[in-house]
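K.L.:
Next comes the sequence, and after it the predicted model I'd like to discuss.
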Amino acid sequence: QLQLVESGGGLVQPEGSLRLSCVVSGGSLDDHAIGWFRQAPGKEREAVSCISSTGRNTYYLNSVRGRFTISRDKDKNTVYLQMDSVRRQDTGIYYCAADSVGAISATGCYDYPYWGQGTQVTVSS
């Protein structure tokens, strides 16, 4: 059973940076696509970014493309989300999730069965 633990959330000012981490246990990044999702108050959860098990393919939500970067460290079994030039609209609970397969879709990150507990990101001055 995969387990995912997020960390790195907090309070950040607009235009600031934050790096989220997702440590995966019970499985290998070589076998699972990993994604970052977020849910803002009163809104539905949305996929922010995901990375394939090879690390060669990535997806980004349009509103974060060019500002956020997903990456992974196989030795640490950890996936990161570097958030730069953050905006108030980026506020929400950020979740890390794993798929049961390694490939990702070009149009998004769908139906991930394994989830972490989430970490709060608040963008405010």
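P.N.:
Thanks, I have it.
K.L.:
Residue 122 and residue 14 touch, don't they?
P.N.:
No - the criterion here is C-beta atoms under 8 Å, and residue 122 misses it with residue 14 at 11.0 Å. All C-beta spots, glycine's among them, are computed from the backbone N, C-alpha and C.
K.L.:
which residues touch residue 5?
P.N.:
By C-beta atoms under 8 Å, 6 or more residues apart in numbering, the contact list for residue 5 reads 22, 23, 25, 96, 116, 117.
K.L.:
Identify the residue spatially nearest to residue 3, adjacent ones excluded.
P.N.:
By the measure of C-beta to C-beta, 6 or more residues apart in numbering, the closest residue to residue 3 outside its immediate chain neighbours is residue 25, 4.8 Å from it.
K.L.:
Low-confidence regions, the protein specifically.
P.N.:
Residue ranges of the chain with pLDDT under 70: none are present.
K.L.:
Of all residues in it, which one is nearest the centre?
P.N.:
Centroid check for the chain by C-alpha atoms, centre = their mean gives residue 36 as the closest residue, at 2.1 Å.
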